[in-house]
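K.L.:
model the structure of this input:
(chains A and B)
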Amino acid sequence: MKIFEKNIFLFLLLICFINFVSSLSLDLSIPKEYSEVVSGESVYFQINVKYPENTLRQDLVLEYKILDENGKVLARLETLKAIETQFSLFESIVVPKDLVPGMYVLNVQVSSGGILMNEINTSFNVVDEKESLLVIFLIIFLGAVIFGIIIYLISFLKILWNKFMIKIKVRRIVKKRFQEVN
Amino acid sequence: MKSKLVIVSVDKLQSKIVSTLRSLKGIGIYVSLNKNKKSIENILKKNGVNVEKLFFIDCVSSSGAEDDVVQISPTRLSDIKCAVEAFVNEIKGKKFLVIDALSVLLIYNNENQVASFVRNITRDASDKDVEFIAFSPKTKGEELLNKIFNFFDEVKGVKGK
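P.N.:
Here you go, the predicted model:
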C-alpha cells in the first residue's frame, strides 16, 4: 500500500501515457497496383490517422521505413504533419535501386515530441524489371490482339452489311421494274 | 444452261455484244465493267436492244445517286457476285447474265482472284439455269483467259478452241 501511495504519481503518469498512445489509431494500406514495384521506383501507400481525443492542433512526425526480412532499414523518410482529429495521406517512398526481388516491409511510425504514438507495418513485393517489362509486353500484345480482333469483326460486319444493302437494293430495283411493266 | 466465253477484237466487241443481246431471250443481268450504265444503255438503245429487259450492275460509276442501278467497285468481286446472285434470285423465269468485259477485272484484281470469281459465277449460273455469256477483248489478259477457258461450256473466237 505504501509503495502504491509513494508511486501514485508514477502510476497516474503511466495510465495517462497508455491512454495517450492508445487514442491515436493508424491505418496503412498499399493500393493493389503498387503492391509490386520495381527497385528504383516509388511505392505508394495510404495512411489514415485518427486522433479523436485530441482537441488542439498538434504536430506529428511520420516516419516511413523500408525494412528487409531481418528488420534492416533500407530506406527512410520523415515528414511533419499537423493533426486535429484525423487526416488521410497518400504518400510514397523510393525503393532503393539495388534491392533484390522479394518481400519487403513498409513500416510507418507516428510520434509526437519524441514519443512514439503508434506504428504499423505492411508488406510489398519488389519485382525484377525484366518481369515487369514482360508483363507490359504481354499487356501490349494482348491489347494489339484484341484491337486486331475488333478491327476484323468490324470489317467482317461491314462486308455483311454491304451485301445486305446490295440485296435490298436489287430487290427494290426488280420490284420497281416489274411494277412499271405491269 | 450454257456458259459461253466470247473473245473478240476490241473494235468488234460492241457489235458482238449487241448482236448477242438481241438473240437472247428472257430477262438479262448486265455487268458493265468498262462503260457506265447511261453510256451502255444509249449504245444498246441505238442498236435496237430492248433495255427494259436488262438489269445493270455498273462497275464504273460510283456516285450512288441512281436508284435503278447497282453500283459496285470492280475491286469488290464478292459484292459483284452477291449482286448477281440477288438478281438471279429475284428475277423469275428465263434469265441470262452478261459480263462486259471480263479482262477489265484484271486491272483491279489479280488473275487468281478473277479466275476464282469466274469459276463461282459459272458454277452458280449452271446451278440456277442462267445462261452466262462473258465477253473479253482479244488483246488483254491472255494469261487469265488460259486459266478460265475450262470453266466455260463454250469458248468462241480463239484459235484452236
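
K.L.:
what comes up buried for stretch B:55-71?
P.N.:
B:55-61, B:69-71 (16 or more other CB atoms under 10 Å in any protein chain shown). For every residue, glycine as well, the C-beta is placed using N, CA and C.

K.L.:
near chain B, which residues of chain A show up?
P.N.:
Contacts of chain A with chain B, taken as CB under 8 Å from any CB of the partner chain, map to A:159, A:162-163, A:166-167, A:169-177, A:181.

K.L.:
please identify which two of those residues are farthest apart in space.
P.N.:
Taking CB to CB as the measure, the residues of chain A next to chain B span a maximum distance of 33.2 Å, between A:159 and A:181.

K.L.:
what's the neighbour count on residue A:157?
P.N.:
10 (other CB atoms under 10 Å in any protein chain shown).

K.L.:
domain ranges for chain A?
P.N.:
A:23-127, A:128-182 (automatic domain parsing).

K.L.:
please identify which of residue A:159 and residue A:181 sits among more neighbours.
P.N.:
Neighbour count, other CB under 10 Å: between residue A:159 and residue A:181, residue A:159 has more, with 14 against 8.

K.L.:
tell me which other helices or strands the helix or strand hosting that one touches.
P.N.:
For residue A:159, the host element (DSSP states H and E) is helix A:129-181. Counting contacts by 3 or more CB pairs under 8 Å, 6 or more residues apart in numbering or on different chains; DSSP states H and E, helix A:129-181 packs against strand A:36-38, strand B:54-58, strand B:70-71, helix B:77-90.

K.L.:
include mean pLDDT and distance to residue A:131 when you put those into a markdown table, please.
P.N.:
Shown next, in a markdown table, are the helices and strands packed on helix A:129-181 (pLDDT from 0 to 100; distance: least, CB to CB, whole Å):
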| stretch | mean pLDDT | distance to residue A:131 |
| --- | --- | --- |
| strand A:36-38 | 88 | 8 |
| strand B:54-58 | 91 | 59 |
| strand B:70-71 | 90 | 56 |
| helix B:77-90 | 93 | 47 |
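
K.L.:
nearest to residue B:109, out of these?
P.N.:
Using CB to CB, the helices and strands packed on helix A:129-181 put helix B:77-90 closest to residue B:109, at 6.2 Å.

K.L.:
interface residues of chain B facing chain A?
P.N.:
Within chain B, the positions lying close to chain A (CB under 8 Å from any CB) are B:52, B:55, B:67-70, B:72, B:76, B:78-79, B:82-83, B:86-87, B:90-91.

K.L.:
and the furthest pair within the residues you listed?
P.N.:
Maximum distance among the residues of chain B next to chain A (CB to CB): 29.0 Å, for B:52 and B:78.

K.L.:
who has more neighbours out of the two?
P.N.:
More crowded of residue B:52 and residue B:78, by other CB under 10 Å: residue B:78, with 14 against 9.

K.L.:
just checking, that one touches residue A:159?
P.N.:
Yes: Residue B:78 is within contact range of residue A:159, at 7.4 Å (criterion: CB atoms under 8 Å).

K.L.:
residue A:75 is in contact with residue A:98, isn't it?
P.N.:
No: look at residue A:75 against residue A:98 with CB under 8 Å: they stay out of range, at 11.1 Å.
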